[in-house]
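J.: Provide a 3D model corresponding to the input given below.
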Amino acid sequence: MIEDGGPFTILAEMTFWASTGLIVYAYALYPLVIWICSLRWGARPAPPGPSDAELPTITLLIAAHNEESVIGSRLENALSLNYPREKFRIVVASDGSTDDTPSIVRRFADRGVTLLDFRRNRGKAAALNEAWHCLASEIVLLSDANTWIDPEAPRRLARWFALPDVGAVCGRLVLIDPQRGRNADGIYWRYETFLKRCESRLGALLGANGAIYAIRRQDYAPIPGDTIIDDFVIPLLMALKSNRRLVYEDDAVACEETPAEIRDEFRRRVRIGAGGFQSIRVLWPLLHPRYGWLAFSLISHKLLRWLCPFFLLGELAASACLSGRAFYFAAIVTQLSFMIVTLGCAKRSGHGYAVRLARLSAMFSAMNLALLLGFFRWLSGRQQGAWTPTARAPS
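T.: A predicted model of the protein is given here:
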């Protein structure tokens, strides 16, 4: 506790209210602002409807590392996609797989599947950079080894490329509960999808879903080999280098199962957190005001979110310093109670309003803890680009 009325009191109050305001803005006010702006200034262009003869050539590129449990069914899905066969190619880049992934992919060679068998596990980013030199199609559709893509998705993505100012198109990812086999999109995921729609209308879409996005081959800029969140860096680096825009196609659907274990999901979030801080080193020019809505969204949607753990700590520290006042004492009790209760409710089952609210609160706490850990992993250099797939149920 500090002496009331002194300069440190003023500093603590400023820290508390600035931290609180930035947290509220990042999670509550920004969605409202971007929604209003998208209605007022956003465009909703309809994509062209090209004939089969006008469709661009596409390569479906799947980067895989030790995916023997899912790669066979993944390739069966890829071969069932509704796209002119003479314009569609499938390439699997195996990044140092030590299981049967390469041999399974080779079984599909007579059906037009190409294997790029990179023997050393260098990370997904390095595998994508090297694989790109082997591609010749106009468009590259990137996807994951554990993804199921709707048969019509490639057409729905490809039609946007008839517009010369479009450089990349992001599809919609649907999350599936592996236990129940049903849609597991929660409030938070729907919230993020809503933001994607609004940002896309303003030409301010931030990154893509790694499960399903397409990019002009010529607009790909090689990314640092240790890049952690490639599906965020690649589209934004494209926007930076080519000045083309990234759009969101709601009808191009891909499905993925959620991780079976909460700890696997938390580990993934820590990795994404580290990748967010890492990405600033190549994407910082997009923060300049000349990038308009894109800069505004990058600051509001991403940068402030990544800094929220520090705002929460600042809020907590300021409350402790000012705890001699009833309001701030109540604030610190509320904050500590929120953390304890929400983390305790993380595994609660049920579908009632109170349970859903508790799970959402737990997600908020866990996400910010993951971001904080991710920051220190990035700062220490312990989070590397080489990756290991999340544990999944066998297909």
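
J.: In terms of secondary structure, what does the helix or strand hosting residue 14 contact?
T.: Assessed by DSSP states H and E, residue 14 sits inside helix 7-24. Where contact means 3 or more C-beta pairs under 8 Å, 6 or more residues apart in numbering; DSSP states H and E, helix 7-24 is packed against helix 304-321. Every C-beta, even on glycine, is put in place using the N, C-alpha and C of the backbone.

J.: what is the orientation angle of the helix it packs on with helix 7-24?
T.: In terms of direction (axes from the mean of the first three to the mean of the last three C-alpha atoms, to 10 degrees), helix 304-321 departs from helix 7-24 by 140 degrees.

J.: List the contacts of helix 304-321.
T.: The contact list for helix 304-321 (C-beta atoms under 8 Å, 6 or more residues apart in numbering) reads 1-2, 8-9, 12-13, 15-16, 18-20, 22-23, 25-27, 30, 273, 276-277, 328-329, 331-332, 335-336, 368-369, 371-372, 375.

J.: My reading is that residue 277 lies in a helix. Confirm?
T.: Yes - counting by DSSP: H, G, I helix; E, B strand; the rest coil, residue 277 is found in a helix.

J.: What's the separation between it and residue 29?
T.: Distance, residue 277 to residue 29, by C-beta to C-beta, to the nearest Å: 23 Å.

J.: Mind checking which of the two has more residues around it?
T.: Each of residue 277 and residue 29 has its neighbours counted (other C-beta atoms under 10 Å); residue 277 has more, 20 against 13.

J.: residue ranges of the strands in the protein, please?
T.: Along the chain, counting by DSSP state E, strands occupy 58-64, 88-95, 113-118, 139-143, 148-149, 166-176, 213-216, 245-257.

J.: now these as CSV including mean neighbour count and mean pLDDT?
T.: Shown next, in CSV, are those (neighbours: other C-beta atoms under 10 Å; pLDDT from 0 to 100):
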stretch, mean neighbour count, mean pLDDT
strand 58-64, 25, 97
strand 88-95, 23, 97
strand 113-118, 18, 96
strand 139-143, 25, 97
strand 148-149, 23, 96
strand 166-176, 23, 93
strand 213-216, 26, 97
strand 245-257, 20, 93
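
J.: how about these, which one is nearest residue 201?
T.: strand 245-257 (8.6 Å; C-beta to C-beta).

J.: Mind giving me the packing neighbours of that closest one?
T.: Strand 245-257 sits against strand 148-149, helix 153-158, strand 166-176, helix 187-201, helix 230-242, with contacts defined as 3+ C-beta pairs under 8 Å, 6+ apart.

J.: any idea how far residue 29 is from the closest residue to residue 272 other than its chain neighbours?
T.: Once flanking residues are discounted, residue 272 sits nearest to residue 229: 5.8 Å by C-beta to C-beta, 6 or more residues apart in numbering. Remark: distance between residue 229 and residue 29 (C-beta to C-beta) = 25 Å.

J.: thinking again about what came up before, just the buried ones out of the contacts of helix 304-321, please.
T.: 2, 9, 12, 15-16, 19-20, 22-23, 26, 30, 273, 276-277, 328, 331-332, 368-369, 371-372, 375 (16 or more other C-beta atoms under 10 Å).

J.: Where does the prediction get shaky in the chain?
T.: Applying pLDDT under 70 to the chain picks out residues 1-5, 178-186, 260-262, 342-357, 383-395.

J.: Show me it divided up by domain.
T.: For the chain, automatic domain parsing gives the domain ranges 7-28+303-380, 52-287.

J.: most packed of those?
T.: domain 52-287 (a mean of 19; mean count of other C-beta atoms under 10 Å).

J.: Identify the residue spatially nearest to the most centrally placed residue in the chain, adjacent ones excluded.
T.: Centroid-nearest residue in the chain: residue 209, 5.5 Å away (criterion: C-alpha atoms, centre = their mean). The shortest distance from residue 209 to any non-neighbouring residue, by C-beta to C-beta, 6+ apart, is to residue 173 (4.1 Å).

J.: OK, contacts around that neighbour?
T.: Neighbour list for residue 173: 209, 211-212, 253-256 [criterion: C-beta under 8 Å, 6+ apart].

J.: cutoff 7 Å now
T.: 209, 211-212, 254, 256 (C-beta atoms under 7 Å, 6 or more residues apart in numbering).

J.: Which strand residues bridge it?
T.: Legend: beta-bridge partners of residue 173 under DSSP bridges are residue 254.

J.: export the helices and strands packed on strand 245-257 to CSV and tack on distance to residue 267?
T.: CSV is the format used below for these (distance: least, C-beta to C-beta, whole Å):
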stretch, distance to residue 267
strand 148-149, 23
helix 153-158, 29
strand 166-176, 17
helix 187-201, 18
helix 230-242, 18
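
J.: helices or strands next to the helix ranked longest in the chain in the packing?
T.: Across the chain, the longest stretch assigned as helix under DSSP state H is helix 353-380. In terms of contacts (3 or more C-beta pairs under 7 Å, 6 or more residues apart in numbering; DSSP states H and E), helix 353-380 is packed against helix 187-201, helix 262-283, helix 304-321, helix 326-344.

J.: just the angle between that helix and helix 187-201, please?
T.: Computed by the same axes, to 10 degrees, the angle separating helix 353-380 from helix 187-201 equals 70 degrees.

J.: what about the residue nearest to residue 315 when sequence neighbours are not counted, distance to residue 109?
T.: Nearest residue to residue 315 in three dimensions, chain neighbours excluded: residue 19, at 4.1 Å (C-beta to C-beta, 6+ apart). Distance of residue 19 to residue 109, given as C-beta to C-beta: 57 Å.

J.: what's the answer for residue 243, then?
T.: Plainly put, residue 243 is 39 Å away from residue 109 if you go by C-beta to C-beta.
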